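>>> Would you be able to build a 3D model of this:
(chains A and B)
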2 protein chains.
Amino acid sequence: MEFSQVLEQRRAVDYFDPDRPVDSKLIRQMVEKAALAPSSFNLQPWNLIIVNDPQKKAALQKAAWNQPKITQAPVIFIVLADRGGWKKGHPVMEKTFSQMVAAGLPKEKYDWFADACSSLYGASADRQMAFACKNAGFFAMALMLAAKDLGLDTHPMDGFELDKVRNLFSIPDNYWIPLLLAVGYFDKSKSLAPPKWRKTVDEIVVSF
Amino acid sequence: MEFSQVLEQRRAVDYFDPDRPVDSKLIRQMVEKAALAPSSFNLQPWNLIIVNDPQKKAALQKAAWNQPKITQAPVIFIVLADRGGWKKGHPVMEKTFSQMVAAGLPKEKYDWFADACSSLYGASADRQMAFACKNAGFFAMALMLAAKDLGLDTHPMDGFELDKVRNLFSIPDNYWIPLLLAVGYFDKSKSLAPPKWRKTVDEIVVSF
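The predicted structure is shown next:
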């Protein structure tokens, strides 16, 4: 699809067709495409738990304000933002450095790289959260657009109890859960609400 | 452009052509398109400061590890994530509620809406930061892709001293600065490094 169409046709759909499963190949393609999103020092501090088992979805729904979308949509992504993704010894951090070395960076720069990661992304709880959630935001936006391009519909969801979801899926503390993402096909027997308002360019651009 | 091409051709370019300015109409189109990004309860907690004045760019460069991109790129966006964008009385929060009422929600639901915003996004410093940065991440990803679709190149930058940038542009405390985004045209006299590695689907999808 044309990029502009993808952008305009992506909508947070409220109703999913419960009788129309999503081919697992499409899910893989969606994730593979979204993985092209950029990230801070290429640290890619994002992961996904893919929930498609009906019992697990039912339990997740209870932890998510009982929203029917959770069980209606064939697939729910639990999007995870890794607050520790900048640390020395983290496999992605180490691989990113080794790839920089392969591309010509002197090995001796390791301390510089580790210190930069640590000061920008690890120096406070605020910085760890900002790092994790901004990058997971890049990835999740790319997921939603990639889904639309593949003919799928999505709905990003915030209405859930984070600790309950953490406990249900034994999610380690280094992860924040910035959103759940319902994935499936819009239920065409329902009507889609008109698009919500958006700020204008002049409302977005500010100076102080 | 085709969506897949936009996704694949978006690169964080290291060299911008300093002699090729960006038409202000393109900048507006880029922001207007990216404004279609979804957000938590449609609160759109993002703003931009657009920096194109050479003196201001030079000052910004000093606060950003002296990275030459800042003065080479014709335009720098300072992306702002509003940690207070969920509060009662915030103009976007109030407008979003009034639009929900216009779409059929009973006015009496105001307290429910305000309480939901406050508990999900305001209940702790962590939640405020996660809210602001995740949504600004959606918006920034959409900005980068919209730029590519318009023939522009970008580079998202984290290497800056947040407090210095805050002071230089008198940015209020409610805003976190998740990134600077350089916007312009790739300097074709330079060569673009090969794309960096990405995690595979199997490295992204986890269970515990």
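
>>> Which one of the residues in chain A is closest to chain B?
residue A:137 (1.8 Å; Cβ to the nearest Cβ). No exception for glycine: its C-beta is placed from N, CA and C like everyone else's.

>>> okay, now that residue: neighbour count?
31 (other Cβ atoms under 10 Å in any protein chain shown).

>>> Just give the nearest non-adjacent residue to it, would you?
Nearest-residue entry for residue A:137: residue B:137, 1.8 Å, with adjacent residues in sequence omitted and distances by Cβ to Cβ, 6 or more residues apart in numbering or on different chains.

>>> picking up where we left off before, dump the residue contacts of the residue of chain A closest to chain B.
By Cβ atoms under 8 Å, 6 or more residues apart in numbering or on different chains, residue A:137 lies in contact with A:178, B:133-138, B:140-141.

>>> Next one: stretch A:66-78, is it in contact with chain B?
No: for stretch A:66-78, no contact with chain B is found by Cβ under 8 Å from any Cβ of the partner chain; the gap never falls below 9.1 Å.

>>> any idea of the mean pLDDT for that stretch?
Looking at stretch A:66-78 alone, the average pLDDT works out to 98.

>>> Could you check how far the helix or strand containing residue A:47 is from the centre of its chain?
Taking DSSP states H and E as the definition, residue A:47 sits inside strand A:46-51. Between the mean C-alpha location of strand A:46-51 and the chain-wide mean there is a distance of 8 Å, by Cα atoms, centre = their mean, to the nearest Å.

>>> who's in contact with that strand?
By Cβ under 8 Å, 6+ apart, the list of residues contacting strand A:46-51 from outside reads A:27, A:31, A:39, A:57, A:60, A:75-82, A:135-136, A:139-140, A:169, A:171, A:175, B:204-208.

>>> which among the residues you listed end up buried?
Taking 16 or more other Cβ atoms under 10 Å in any protein chain shown as the criterion, what is buried in the contacts of strand A:46-51 is A:27, A:31, A:39, A:57, A:60, A:75-82, A:135-136, A:139-140, A:169, A:171, A:175, B:204-206.

>>> Three-state assignment for residue A:138, please.
The three-state assignment at residue A:138 reads helix, by DSSP: H, G, I helix; E, B strand; the rest coil.

>>> nope, residue A:176 is what I meant
Three states are possible here, and by three-state DSSP the one that applies to residue A:176 is strand.

>>> and the residue nearest to it when sequence neighbours are not counted, what does it touch?
In this structure, residue A:176 finds its nearest non-sequential neighbour in residue A:81, 4.6 Å apart by Cβ to Cβ, 6+ apart. The contact partners of residue A:81, taken as Cβ under 8 Å, 6+ apart, are A:45-46, A:132-133, A:135-136, A:175-178, B:130, B:134.

>>> ok, now residue A:197?
Residues touching residue A:197, when contacts are defined by Cβ under 8 Å, 6+ apart, comprise B:42, B:95-96, B:99.

>>> For the residue nearest the centre of chain A, give me the pLDDT.
With distances taken as Cα atoms, centre = their mean, the residue of chain A nearest its centroid is residue A:140 (3.2 Å). Among the per-residue scores, residue A:140 shows a pLDDT of 99.

>>> from memory it sits against residue B:138, does it?
Yes: at 6.8 Å, residue A:140 counts as touching residue B:138 under the criterion of Cβ atoms under 8 Å.

>>> Report how many residues lie close to residue A:162.
Close neighbours of residue A:162, defined as other Cβ under 10 Å, add up to 17.

>>> how about it, phi and psi?
Backbone torsions of residue A:162, given as degrees, to the nearest 10, read phi -60, psi -40.

>>> ok, and the closest non-adjacent residue to it?
Nearest-residue entry for residue A:162: residue A:177, 5.4 Å, with adjacent residues in sequence omitted and distances by Cβ to Cβ, 6+ apart.

>>> and residue A:77, what are its bridge partners?
Assessed by DSSP bridges, residue A:77 has beta-bridge partners residue A:50, residue A:181.

>>> which residues touch it?
Residue A:77 touches A:48-51, A:143, A:180-181, A:183, counting by Cβ under 8 Å, 6+ apart.

>>> Which one of the residues you listed sits in the busiest neighbourhood?
Of all the contacts of residue A:77, the most densely surrounded is residue A:143 (28 neighbours; neighbours counted as other Cβ under 10 Å).

>>> Stretch A:139-158: how far from the chain's middle?
9 Å.

>>> low-confidence ranges in chain A?
When residues are selected by pLDDT under 70, none of them lie in chain A.

>>> now the helices for it?
Applying DSSP state H to chain A gives helices spanning A:3-9, A:24-34, A:54-62, A:69-72, A:91-102, A:110-117, A:125-149, A:162-168, A:201-204.

>>> Could you tell me how far residue A:46 is located from residue A:137?
Computed with Cβ to Cβ, to the nearest Å, the distance linking residue A:46 and residue A:137 is 9 Å.
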